[in-house]
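S.K.: Generate coordinates for the sequence data below:
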Amino acid sequence: MGQFFLIVSVIAQIYFIYHAIVRKKYLWALAIFFFPLFGLLGYYFMEYRQSAGTSRKFELVDENQPAGNFFGGGVSLQRLRDTYEAAPSFVNKIALADGLQKEGEFEEAIELYESSVGGINEDDLTLWQGLAHAYFHTRQFEKAKNAVLKLRQYRDTNQVNDFDLLLAQALEELGEDKAALEEYEFLSGKYNGEEARCKYALLLKKMGEQEAAEAVFKEILNHSRLSPVYYKRKNQVWISIASKELNLR
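M.R.: Next up, the predicted model:
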């Protein structure tokens, strides 16, 4: 019987170390390795159980877009507060901060996010995603830029997402047009949809590159003509801008 429990404990230790490493919880992985009993119990109750039912959805980012369109909803803010007060784990803190953003309470959300910077969850992607969005919505563009750069530092994929677009927008707001143009140009060939391509063309126009801008606007229209109806509907705003810009030639 003792040998059975030993085998089970070793398997559990290996599993949770692997789970912690996959989620980039390296300090937790070390704690589980060197202090199996306390490490396993702490990780299970503070991280694993809390994250098992947690999902987080990020969509297109725009300074003027309501925060509720950005964060997945479904749970009341009061319930999130109650849950965090009862169990003030990192996961519950982030869930509450996300809920605050959904309700437009950006300053309080920022306080919650910032309280975790420099701690054991410093490398958690959801922390920097939330900070980047909250900073952007409060027009703290330099901080938004730095948050996305931190996010890039910790994520393990080169696949672009909405936060790369947020970075380009923040750079443009900061007047760093050359850097923003490079980001938009990179995204224009990789980002899903026409928003990045359209903003790339608009910045080209702003910088006096009229011919280059028109070429990108034409690319948007050509691509949309060959796309299915749902794609055209989703990108109607950017397709309309491209059409308008070319008609003004």
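S.K.: ok, the nearest residue to residue 172 once chain neighbours are set aside to residue 170 distance?
M.R.: Spatially, and ignoring its direct neighbours in sequence, residue 172 is nearest to residue 180 (4.0 Å; C-beta to C-beta, 6 or more residues apart in numbering). For glycine as for every other residue, the C-beta is placed from the backbone atoms N, C-alpha and C. Counting by C-beta to C-beta, to the nearest Å, the separation of residue 180 from residue 170 is 8 Å.
S.K.: quick one on the thing from earlier: let's see the pLDDT reported for the residue nearest to residue 172.
M.R.: pLDDT for residue 180: 97.
S.K.: ok but it is inside a strand, no?
M.R.: No. Residue 180: not assigned to a strand; according to DSSP: H, G, I helix; E, B strand; the rest coil it is helix.
S.K.: In contact with it, which residues?
M.R.: Counting by C-beta atoms under 8 Å, 6 or more residues apart in numbering, residue 180 makes contact with 168, 169, 171, 172, 203.
S.K.: how about the first one, secondary structure?
M.R.: Just to be clear, that refers to residue 168. Here residue 168 is recorded as helix under three-state DSSP.
S.K.: Past the longest helix along the chain, which element shows up next along the chain?
M.R.: If you go by DSSP state H, the chain has its longest helix at helix 2-22. As assigned by DSSP states H and E, the chain's next helix or strand after helix 2-22 is helix 26-34.
S.K.: Okay, angle between that next one and helix 2-22 too, please.
M.R.: If you take axes from the mean of the first three to the mean of the last three C-alpha atoms, to 10 degrees, helix 26-34 sits at 170 degrees to helix 2-22.
S.K.: Highest neighbour count among the contacts of residue 180?
M.R.: Tallying neighbours with other C-beta atoms under 10 Å puts residue 168 at the head of the contacts of residue 180, with 28 neighbours.
S.K.: So in this protein, where's the weakest helix or strand by average pLDDT?
M.R.: Least confident helix or strand of the chain, by mean pLDDT, DSSP states H and E, is helix 49-51 with a mean of 49.
S.K.: Quick one: mean pLDDT over the following helix or strand past that one.
M.R.: Reading on from helix 49-51 to the C-terminus, the next helix or strand found by DSSP H and E is helix 77-86. Averaging pLDDT along helix 77-86 gives 90.
S.K.: Return the list of helices and strands in contact with helix 77-86.
M.R.: If contacts are counted by 3 or more C-beta pairs under 8 Å, 6 or more residues apart in numbering; DSSP states H and E, helix 77-86 sits against helix 90-102.
S.K.: Please give the element, helix or strand, for the residue nearest to the spatial centre of the chain.
M.R.: In the chain, the residue lying closest to the centroid (C-alpha atoms, centre = their mean) is residue 129, at 3.7 Å. Element membership for residue 129, per DSSP H and E: helix 125-137.
S.K.: Counting by contacts, list what that helix packs against.
M.R.: helix 90-102, helix 106-114, helix 141-154, helix 162-173.
S.K.: Could you tell me how far the shortest one lies from the centre of the chain?
M.R.: Computed by C-alpha atoms, centre = their mean, to the nearest Å, the chain-centroid distance of helix 106-114 equals 16 Å.
S.K.: Residue numbering should commence at 346 henceforth.
M.R.: Understood, numbering begins at 346; the last thing we discussed is helix 451-459.
S.K.: which helices and strands does it pack with?
M.R.: Where contact means 3+ C-beta pairs under 8 Å, 6+ apart, helix 451-459 is packed against helix 435-447, helix 470-482.
S.K.: mind running it again at 10 Å?
M.R.: helix 435-447, helix 470-482, helix 486-499 (3 or more C-beta pairs under 10 Å, 6 or more residues apart in numbering; DSSP states H and E).
S.K.: Mean pLDDT and distance to residue 506 added to these, as a markdown table?
M.R.: Below are those laid out as a markdown table (pLDDT from 0 to 100; distance: least, C-beta to C-beta, whole Å):
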| stretch | mean pLDDT | distance to residue 506 |
| --- | --- | --- |
| helix 435-447 | 92 | 17 |
| helix 470-482 | 94 | 9 |
| helix 486-499 | 94 | 9 |
